[in-house]
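>>> mind looking at a prediction? Sequence and model below.
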Amino acid sequence: MTNHRDEALTKHDLQHTLADAFSCIGPGVHTGLSAVMTVMPADADSGYVFFRKDVHPEMGLVPARWHTVTDTQLSTTVSNRFGVRVSTVEHLLAALHASGIDNARIVLDGPEVPIMDGSAKCFVDFIEQVGKKAQQRLRQAIVITQPIKIELNGASAMLEPHPSPLFEMHIDFPNTLIGQQHYTTQLGEHTFKQELAPARTFGLTKHIEALKASGLAKGGSLKNALVVDGEKLLNQEGLRFSDEFARHKTLDSIGDLALAGATIIGKFTGYKSGHHLNNLLLRKLMHQNHSSVYTTLRQAQHRWQAIAHYPEAI
């Protein structure tokens, strides 16, 4: 029998970066400020790093990690030690992670990632256009070995053992067109492109004025968000999926969990969860060592099989 250590490496085992850079321009959904964004190849083991070129060069680097998240009100914001922020990172990070890009340098001349059409589709299309390049370092993985859960105000987010990345989302918006929705998907590059990337962000009209009064949603419009007024959708083109709202919340969760810096091998279940709970879950995971094993993606399946058959080996 061939030992798994002797098996040839595959591209799936290796980290990847972009084969070339791509650029886009657009307003941020919350700041309303237009920004030019260029997503570039990056060194192995560097992860996702933003660079704000509109601030002093020595202050512009903003790593995108679970511990650099500083704001989760309606979107995920990361900051550095100088207080330089980049907000609404989740759609781009979801696209990079699901497309198999482990390392990228993201250059911005503003404080927020362009919202584009409110989905991750354009980012996936750009990644496909430029292609990706394998790097001679192994991908990292976090294998969930015991359930870990965060609950707050009737909402919850949980990770539990599963042999591959699986996402399940439950949402509940009573007395609206959205209602109760449930969506489950096995995370994969093709599945993400076809079933999740096109799902757009959304909001309720009764909340929009309050958001604008508090300095948010300045760049929001029917061109980049689904807007629900009670039982009515204001977007004339209609929905892309009957459960587009649940799909988008799943997309958000994939982007938020990408901040772990490694592929999470396990099942994520969100019940009315959002960016805040997702980040609390990651923080608990990182500080609770007995709930997971940090390894390479190459070794993850072997570790999972050992855990499944011999739980005492954890």
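Alright, I've got the coordinates. Numbers count the residues shown, from 1 in each chain.
>>> show me where the stretch 151-300 of the chain has strands.
155-160, 166-173, 179-186, 202-204, 226-229, 232-233, 263-265, 267-271, 292-296 (DSSP state E, counting those that start in this stretch).
>>> now the fifth one: buried residues?
Using 16 or more other CB atoms under 10 Å as the burial criterion, the residues of strand 226-229 that qualify are 226, 227, 228. Using the backbone N, CA and C atoms, a C-beta is placed for each residue, glycine as well.
>>> so can I have JSON lines of these showing pLDDT and distance to residue 126?
Conversion of the buried residues of strand 226-229 to JSON lines gives the following (pLDDT from 0 to 100; distance: CB to CB, whole Å):
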{"residue": "226", "pLDDT": "96", "distance to residue 126": "22"}
{"residue": "227", "pLDDT": "95", "distance to residue 126": "26"}
{"residue": "228", "pLDDT": "96", "distance to residue 126": "29"}
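>>> helices of the stretch 101-250 of the chain, start to end?
Assigned by DSSP state H, counting those that start in this stretch, the helices in the stretch 101-250 of the chain fall at 121-130, 189-191, 205-213, 244-257.
>>> which of the strands of the stretch 151-300 of the chain has the highest mean neighbour count?
strand 263-265 (a mean of 24; mean count of other CB atoms under 10 Å).
>>> who touches that one?
139-144, 159, 162-165, 257, 297, 300, 304 (CB atoms under 8 Å, 6 or more residues apart in numbering).
>>> in the chain, which ranges drop under the pLDDT threshold?
1-7, 304-314 (pLDDT under 70).
>>> what about stretch 14-33, distance to the chain center?
On the basis of CA atoms, centre = their mean, to the nearest Å, stretch 14-33 sits 14 Å off its chain's mean C-alpha point.
>>> buried residues in it?
Buried, per 16+ other CB under 10 Å, within stretch 14-33: 14-18, 22, 24, 26-32.
>>> what's the neighbour count on the residue lying closest to residue 201 once chain neighbours are set aside?
Residue nearest to residue 201 in three dimensions, not counting chain neighbours: residue 118, with 4.4 Å by CB to CB, 6 or more residues apart in numbering. If you count neighbours by other CB atoms under 10 Å, residue 118 ends up with 24.
>>> ok, back up a step: give the PyMOL command for selecting the buried subset of the contacts of strand 263-265.
To isolate the buried ones among those in PyMOL, judged by 16+ other CB under 10 Å, type:
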select buried, resi 139+140+141+142+143+144+159+162+165+257+297+300+304
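>>> out of the contacts of strand 263-265, who's nearest residue 285?
residue 159 (6.4 Å; CB to CB).
>>> that closest one against residue 143, yeah?
No - at 10.6 Å, residue 159 does not count as touching residue 143 under the criterion of CB atoms under 8 Å.
>>> between these two, what contacts are shared?
Counting by CB under 8 Å, 6+ apart, the residues touching both residue 159 and residue 143 are residue 266.
>>> quick one on the thing from earlier: adding secondary structure and distance to residue 262, write the buried residues of stretch 14-33 out as CSV.
Below are the buried residues of stretch 14-33 laid out as CSV (DSSP: H, G, I helix; E, B strand; the rest coil; distance: CB to CB, whole Å):
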residue, secondary structure, distance to residue 262
14, strand, 14
15, strand, 10
16, strand, 14
17, strand, 16
18, strand, 19
22, strand, 24
24, strand, 27
26, strand, 30
27, strand, 32
28, coil, 28
29, coil, 28
30, coil, 28
31, coil, 30
32, coil, 34
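>>> out of these, who's nearest residue 280?
When the buried residues of stretch 14-33 are compared against residue 280 (criterion: CB to CB), the nearest one is residue 30, at 21.1 Å.
>>> number of residues surrounding the residue lying closest to that closest one once chain neighbours are set aside?
Spatial nearest neighbour of residue 30, excluding adjacent residues (CB to CB, 6+ apart): residue 216 at 4.7 Å. Using other CB under 10 Å, residue 216 has 20 neighbouring residues.
>>> about what we covered before: so which of the helices of the stretch 101-250 of the chain is nearest residue 273?
By CB to CB (comparing all of those), the closest turns out to be helix 244-257, at 7.0 Å.
>>> and the closest one, how far from the chain's centre?
With CA atoms, centre = their mean, you get 7 Å for helix 244-257.
>>> so how far is residue 78 from residue 170?
27 Å (CB to CB, to the nearest Å).
>>> report the separation between residue 282 and residue 11.
27 Å.
>>> okay, these two: which has more neighbours?
More neighbours surround residue 282 than the other of residue 282 and residue 11, with 26 against 9 (other CB under 10 Å).
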